[in-house]
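S.K.: sequence first, predicted coordinates after that:
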Amino acid sequence: MGTYMKKKVVVGMSGGVDSSVAAWLLKEEGYDVTGVTIRTWQEDGEGLDREGICGGLAMAEDAKRVAEALGIPFYVIDLRTEFRHHVMEYFVREYLQGRTPNPCIACNRYVKWEALLERCLGMGADYIATGHYARIARLENGRYAIRNSVTASKDQTYALYRLTQEQLAHTLLPIGEYEKSQIRHMAEKAGLPVAYKPDSQEICFIPDDDYAGFIDRAAGEQVPGEGNFVDETGRVIGRHKGIIHYTIGQRRGLELPMGERVYVTGICPETNEVVIGKNENLFTEKVFCEKVNFMSVQDLEQPKRVLGKIRYNHKGTYCVIEKLPDGVVSALFEEPVRAAAPGQSICFYDGEYVLGGGIII
C-alpha cells in the first residue's frame, strides 16, 4: 500500500486496553490513525477522580497518554448533547414507563456511531474503529453483518445489533479476532500504559449504581410514588417504593413476608402496581419485539429458525421468528426463556452472524 493510498481511520479510544490495542493494531497494519475520545456526560469538575468510566474526563487523560505512546494525533469530541438526548433521557423515560432499557445499545447506535461517524467522515476519515469484541463481514448477498468474536466470554455482538448498513460499511473492529489475554499481552508488548487496567462494569452515567436515585433527580415530580404489590390474581399483598425501583425477575429488596421465594413478574405503570409471582411465572415460550433492525438480511420474508438472546449475558436459545403484519416480530422459543423484560433487546443469530434484533415488548 503506497503512503498516498493510506486509509484514514478514527479510533474511538476509551482509555481502556481494548480500544488502545485496536489503535495499535490499525497503525501496525498501515492505516493513518487518529484517536478520539467522546465526552458524553460529565460536567466540568464532575467526577474527575473516577477512573475507567466511559465518557469521563479521567478516561480522556488515559486515552491521550496511549495516543502519545503510539505517536498518533488525539482529539476530544464533545457529544454531551447527543448523549443526553439519545441515552440519558431515553433511560429515564423507559423506567418511568415500567420498562428496563439498555443504554449501551442506544449509545452505540446513536452516539458512538451515528454522531461520531458523521463528525469523522466530515474530518476526511474513511472509517471509524472501536475496541469491541466482534467482527464485521460482507456476506454473499452484499450486506454487512456483525459476526461473533473469537472469544465467547467477551463477545459484544449483542450490543451492536442496531448498527445500520451505512455504519457497518465504515467500521473496523480489529480486536474481534483475539482473546482478551492476547489483547493484554499485545498491550504490554507495545508498551501501552493501560495494559493491565481493569474493565469498567457499571453504567457510565450512574457510577454509584443507584438507578432510582438518578431517575429521581432527573425526572423529579414525574416519578411515580409508592403503590401496591399485587399477586398474579390482582390481590394486594403489600406496598412498593415506586416502579422505578423494580425490574422483571428481581428478587432482592422486595421485603414481602411470603414464606417462599418470590419475584417481580410484571410492572404496570398505568395502575402503579408491581406484580409478584413465583419463579415459574417468569418463563415464557413466546417473546414479541418492535423497532426491529435487520442486519444480515434486508427483511424477514418467511419464518426462520435462529438463536435468540434476550439479554447481554444470556447464552441464547433457539427460536422460530416470524414477522407479523404490523411489523412486530414474534419469537417462539424451543425451550422457555426466563425474565424477558420489556425494554431490553432481543438479538437474533443466524449461525455466527447477527440477523437482527429488536426491543422486547
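M.R.: Thanks, I have it.

S.K.: which stretches of the stretch 151-300 of the chain have low pLDDT?
M.R.: 201 (pLDDT under 70).

S.K.: could you pull out the helices for it?
M.R.: Using DSSP state H, counting those that start in this stretch, the helices found in the stretch 151-300 of the chain span residues 165-169, 180-189, 211-219.

S.K.: can you check which of these gets nearest to Ser14?
M.R.: helix 180-189 (13.3 Å; Cβ to Cβ). (C-beta placed from N, C-alpha, C; glycine too.)

S.K.: what comes into contact with that closest one?
M.R.: Applying Cβ atoms under 8 Å, 6 or more residues apart in numbering, the external contacts of helix 180-189 come out as 17-18, 20-21, 24-25, 133, 151, 153-154, 175, 178, 194-196.

S.K.: and the buried ones among those residues, selectable in PyMOL?
M.R.: Selecting only the buried entries of these in PyMOL, with 16 or more other Cβ atoms under 10 Å as the criterion:
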select buried, resi 17+18+20+21+24+25+133+151+154+175+178+194+195
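
S.K.: which two from the contacts of helix 180-189 end up farthest apart in space?
M.R.: Largest pairwise distance in the contacts of helix 180-189, by Cβ to Cβ, is 22.1 Å, between Trp24 and Ser153.

S.K.: quick one: pLDDT of Phe348?
M.R.: Looking at Phe348, its pLDDT reads 98.

S.K.: what's the local residue count around it?
M.R.: 28 (other Cβ atoms under 10 Å).

S.K.: in this structure it contacts Leu307, no?
M.R.: Yes: when contacts are counted by Cβ atoms under 8 Å, Phe348 is listed as touching Leu307 (7.2 Å).

S.K.: residues in contact with both of these two, list them for me.
M.R.: Cys319.

S.K.: the residue nearest to Lys323 when sequence neighbours are not counted - how many residues pack around it?
M.R.: Nearest residue to Lys323, sequence neighbours excluded (Cβ to Cβ, 6 or more residues apart in numbering): Leu300, at 4.4 Å. As a burial measure, Leu300 scores 17 neighbours (other Cβ under 10 Å).

S.K.: backbone phi and psi for Leu300, please?
M.R.: Main-chain torsions, Leu300, degrees, to the nearest 10: phi -100, psi 100.

S.K.: in this structure it contacts Leu324, no?
M.R.: No: Leu300 lies out of contact with Leu324 (Cβ under 8 Å); the separation is 10.1 Å.

S.K.: stretch 184-204 spans what distance, first to last residue?
M.R.: End-to-end distance for stretch 184-204: 23 Å, by Cα to Cα, to the nearest Å.

S.K.: for stretch 159-171, same thing?
M.R.: End-to-end for stretch 159-171, by Cα to Cα: 15 Å.

S.K.: kindly report the same for stretch 296-304.
M.R.: Length of stretch 296-304, first residue to last, Cα to Cα: 13 Å.

S.K.: show the contacting residues for Asn279.
M.R.: If you count contacts by Cβ under 8 Å, 6+ apart, Asn279 has them with Arg261, Tyr263, Arg338.

S.K.: meant to ask about Gln298
M.R.: Asn141, Arg143.

S.K.: wait, doesn't Ala22 sit right on Ile175?
M.R.: Yes: between Ala22 and Ile175 there is a contact under Cβ under 8 Å: 5.3 Å.

S.K.: who touches both of those two?
M.R.: Any residue near both Ala22 and Ile175 by Cβ under 8 Å, 6+ apart counts here, and that gives Gly131.

S.K.: partners of the longest strand along the chain, with directions?
M.R.: For the chain, the strand with the greatest residue count under DSSP state E is strand 283-294. Using DSSP bridges, strand 283-294 pairs in its sheet with strand 329-338 (antiparallel), strand 353-360 (antiparallel).

S.K.: now the last one: how far from the chain's centre is it?
M.R.: Okay, so that is strand 353-360. How far strand 353-360 lies from its chain's middle: 13 Å, per Cα atoms, centre = their mean, to the nearest Å.

S.K.: show residues contacting that strand.
M.R.: With Cβ under 8 Å, 6+ apart as the test, strand 353-360 has contacts from 137, 139, 145-148, 157-158, 160-162, 287-297, 300, 304, 306, 310, 329, 340-349.

S.K.: which helix is the longest one in this protein?
M.R.: When the chain is parsed with DSSP state H, its longest helix is helix 57-70.

S.K.: ok, then the element right after that helix?
M.R.: Counting by DSSP states H and E, the next helix or strand C-terminal to helix 57-70 is strand 74-78.

S.K.: which is the next helix or strand following that next one?
M.R.: Next element after strand 74-78 (DSSP H and E): helix 80-83.

S.K.: in the longest strand of the chain, what counts as buried?
M.R.: Across strand 283-294, burial judged by 16+ other Cβ under 10 Å covers Val287, Phe288, Cys289, Val292, Asn293, Phe294.
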